[in-house]
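In: Got a sequence here, can you build the structure:
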Amino acid sequence: MSLREVLITRYCADRTVERRNAVIDAHRHLCVRGARKFKRAHNDRADLEQVAAVGLIKAAANYRAEMRTPFQAYASIMIVGELMHHVRDHERMIRPPRALIALQRRYAEAWDRLTVANHREPTISELAAALGVPPGTVMELRSLRRPEHIPLPETDSADGPERVDLLADTTDAIALEERIALTLAVDELAERERAIVLGTYAAGLTQAEIGERLGLSQSHVSKLLARALHKLRRAA
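Out: Numbering: from 1, shown residues only. Next up, the predicted model:
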């Protein structure tokens, strides 16, 4: 049993402030790692680490041994969730309407469906008809989906591609332990598979958009996504 595991076991047996602080100190590296993944040119890494520390403190306060999930996995989810909420609340001068955000997945699905059917990229009018919205709404959706809004992890990053960080969003209907299990399963995927799953389900990118950013054809992305989902189903 590692020192961190010993600290967690002791804390769960006797939840004193001192033991909680020992757990937090032993896992501060998770805050550094989380901040590094969310670092952009326009934000401050020290600020992000402070936000991540709030998530770590919440994880220590809420963790229970009977959850039967590794504390590090649980804390990582909580840290990422805290960072996501911070980024969403502070990095956009004007936040898009909730209804527009909710349309993004349908937009991605319609884009893929029409591209396959017509063997070309769909027009704004075609997308508007498929979604049942005005063309202006489709143009707003496209502006939300620009690369600066939805970064895809670098496959050659020293820390490896990010996990499916959207799973940390507590507004999702997925139970926390299921999010942790899925996050750990995603970590076992190959780098490109992991990036494609993240791009599809966390960033809401279309297969063509992912292919363009990874230098792959849409059909190749489709095959890699199918293989990745098969692996995740087997791991479930």
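In: List the contacts of the closest residue to Ala110 other than its chain neighbours.
Out: What sits nearest to Ala110 in space, not counting adjacent residues and going by C-beta to C-beta, 6 or more residues apart in numbering, is Ala130, at 4.2 Å. Using the backbone N, CA and C atoms, a C-beta is placed for each residue, glycine as well. Counting by C-beta atoms under 8 Å, 6 or more residues apart in numbering, Ala130 touches Ala110, Arg113, Leu114, Pro122.
In: which secondary structure element contains Ala130?
Out: In the assignment (DSSP states H and E), Ala130 maps to helix 124-131.
In: So which bits of that helix are buried?
Out: By neighbour count on 16 or more other C-beta atoms under 10 Å, the buried set for helix 124-131 is Glu126, Leu127, Ala128, Ala130, Leu131.
In: Tell me the secondary structure of Val133, please.
Out: Three-state assignment for Val133 (DSSP: H, G, I helix; E, B strand; the rest coil): coil.
In: Correct me if wrong: it contacts Leu100.
Out: No: using C-beta atoms under 8 Å, Val133 makes no contact with Leu100, being 9.6 Å away.
In: quick one, helices of this protein?
Out: Applying DSSP state H to the chain gives helices spanning 3-13, 17-26, 28-38, 45-62, 71-90, 98-118, 124-131, 135-144, 176-187, 191-197, 207-214, 218-235.
In: low-scoring pLDDT stretches of this protein, where are they?
Out: Judged by pLDDT under 70, the chain has its weakly predicted residues at 40-42, 88-98, 116, 119, 143-185, 187, 201-204, 235-236.
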